[in-house]
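Engineer: Would you be able to build a 3D model of this:
(one chain, ligands or ions: 1)
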Amino acid sequence: MFPTETAEKIKGMEIRGAGRIARAAAEALKHQARDSPAQLTAAFTAEMERAASLLVATRPTAVSLPNAVHMVMAGIHRAKTVEEAREGIVQRADAFIQSSQHAVEKIAEFGARHIRDGDTILTHCNSEVALACIIEAHRSGKEIEVFATEVRPINQGLITIRTLNDAGIRTNFIVDSAVRSFINDVDIVIVGADAVTVNGAVVNKIGTSQVAHSAHEARVNVLVAAETYKFAPRTILGELIPIEERASGEVLSDEVLRTMPHVTVRNPAFDVTPAEFIDLIVTEHGAIPPQMAYVIIREYLGWDITEFDDVTGRTAGFNGEDAVNIDKFF
Ligand code: RI2
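Structural biologist: Numbers count the residues shown, from 1 in each chain. Okay, here's the model as predicted:
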């Protein structure tokens with residue numbers, strides 16, 4: 001799929017999930033590069049930068065998106081020919097997609113170890129990597145039960161309960177506001193992330209902070225499953241993660257809203273959970289306390305304050321060399 005179509009599907013949430021949108025963007029840039037008719041490096045680079053910016057602009061919160069686009073685009077300015085630039089993008093897109101899928105597998109393995117036989121787990125929203133931990137625990141023979149939330153307004157929880165049901169996992173489906181009523185029946189909370197900031201705060205689906213707050217009050221551990229490319233280097237510079245506010249129509253139909261001129265719908269898609277409500281962040285390089293988020297950014301995102309490559313205007317702030325070295329990136 002090319003960037004224009006991929007961008008539309010990401011924006012409309014037909015393609016969703018921080019990991020999936022990152023892989024979809026990498027795939028779209030690969031297609032653009034492979035099919036570009038450009039004969040001059042300047043024209044090719046401009047075409048790819050337009051595609052990169054289009055993709056990055058689709059959803060402002062999930063840092064996985066600009067991180068992935070930046071890694072795929074890194075080094076394009078150093079290519080001496082169009083073919084060299086084209087091949088570099090295709091190779092880095094393939095490498096990102098492969099590394100991203102491998103990261104989910106590693107986190108599933110590490111995260112499942114924090115789930116004990118007999119545990120009851122609560123998860124919020126539909127996180128591929130959080131579910132991978134839960135399903136791996138079940139696959140390894142642990143007797144587990146899950147509470148899954150509905151996740152208003154667009155009910156990603158329905159995807160979660162279908163996935164857990166198909167895996168044969170006993171699941172309780174609850175409305176978001178029922179979390180505190182059941183939290184004392186829960187042994188561990190496992191959620192995903194759209195961004196992890198340098199101080200260990202986690203940006204995730206709206207409602208996550210309330211889940212984590214209830215868990216903290218009930219002394220229930222909160223585990224966040226997050227690949228390294230969801231960590232946000234630019235927060236080291238004090239940049240804030242923009243919280244996407246989506247259309248009011250997702251919450252209340254325009255027809256009904258029109259009848260209440262004094263009412264405004266607020267529909268933030270994400271919220272921020274402070275590090276104090278998080279016990280562990282499990283990455284593909286192992287588990288860390290949230291306070292070690294800076295180490296992940298330094299060690300695995302090759303981040304260096306001296307150089308920012310503003311290919312997309314919202315890049316992850318990698319230095320040129322390291323961002324090209326995929327191993328370093330991951
Ligand atoms: P994975 C999703 O956002 C949810 O917030 C989920 O927890 C997070 O991305 C991470 O998803 P949305 O795309 O990468 O539903 O773990 O708005 O699948």
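
Engineer: Around the ligand, which positions in the chain sit nearby?
Structural biologist: Listed as neighbours of the ligand in the chain under the rule CB under 6 Å from any ligand atom: 16-20, 125, 127-130, 156, 191-194, 204-205, 269. C-beta: built from backbone N, CA, C; applies to glycine.

Engineer: what sits up against the helix or strand harbouring A7?
Structural biologist: A7 belongs to helix 3-11 when assigned by DSSP states H and E. Applying CB atoms under 8 Å, 6 or more residues apart in numbering, the external contacts of helix 3-11 come out as 1, 14-16, 21, 24-25, 27-29, 31-32, 51, 54-55, 57-59, 65.

Engineer: Give the buried residues for that helix.
Structural biologist: Neighbour counts using 16 or more other CB atoms under 10 Å place 3, 6-7, 9-11 of helix 3-11 among the buried residues.

Engineer: got the residue ranges for the strands in the stretch 1-150 of the chain?
Structural biologist: 120-123, 145-149 (DSSP state E, counting those that start in this stretch).

Engineer: Which elements pack onto the shortest one?
Structural biologist: In this structure, strand 120-123 makes packing contacts with helix 128-139, strand 145-149, strand 188-191, judged by 3 or more CB pairs under 8 Å, 6 or more residues apart in numbering; DSSP states H and E.

Engineer: what's the spacing between the longest one and its chain's center?
Structural biologist: This means helix 128-139. 16 Å (CA atoms, centre = their mean, to the nearest Å).

Engineer: Mind giving me the packing neighbours of that helix?
Structural biologist: helix 18-35, helix 82-112, strand 120-123, helix 157-166, strand 188-191, strand 221-225.

Engineer: Please identify the most buried of the ones you listed.
Structural biologist: strand 188-191 (a mean of 27; mean count of other CB atoms under 10 Å).

Engineer: Strand partners (parallel or antiparallel) of that strand?
Structural biologist: Within its sheet, and counting by DSSP bridges, strand 188-191 is paired with strand 120-123 (parallel), strand 221-225 (parallel).

Engineer: Among the buried residues of helix 3-11, which one sits closest to the ligand?
Structural biologist: Distance to the ligand, by CB to the nearest ligand atom, is smallest for I10 among the buried residues of helix 3-11, at 8.7 Å.

Engineer: which ones are touching the nearest residue to that closest one once chain neighbours are set aside?
Structural biologist: Among residues not flanking I10 along the chain, T58 sits closest, at 4.2 Å (CB to CB, 6 or more residues apart in numbering). By CB under 8 Å, 6+ apart, the contact list for T58 reads 7, 10-11, 21, 65.

Engineer: quick revisit: okay, the buried residues of helix 3-11 in CSV with pLDDT and distance to E105 next?
Structural biologist: CSV is the format used below for those (pLDDT from 0 to 100; distance: CB to CB, whole Å):
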residue, pLDDT, distance to E105
P3, 95, 28
T6, 98, 24
A7, 98, 28
K9, 98, 25
I10, 97, 23
K11, 96, 29
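
Engineer: could these be laid out in TSV, adding distance to M71?
Structural biologist: Listed next are the buried residues of helix 3-11 as TSV, based on distance: CB to CB, whole Å:
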residue	distance to M71
P3	16
T6	17
A7	18
K9	21
I10	17
K11	21
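
Engineer: mind showing which ranges of this protein have poor pLDDT?
Structural biologist: 303-330 (pLDDT under 70).

Engineer: Would you map out the domains in it?
Structural biologist: 3-105+309-329, 106-299 (automatic domain parsing).

Engineer: CSV for the helices and strands packed on helix 128-139, including distance to V198?
Structural biologist: Shown next, in CSV, are those (distance: least, CB to CB, whole Å):
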stretch, distance to V198
helix 18-35, 18
helix 82-112, 20
strand 120-123, 25
helix 157-166, 29
strand 188-191, 20
strand 221-225, 15
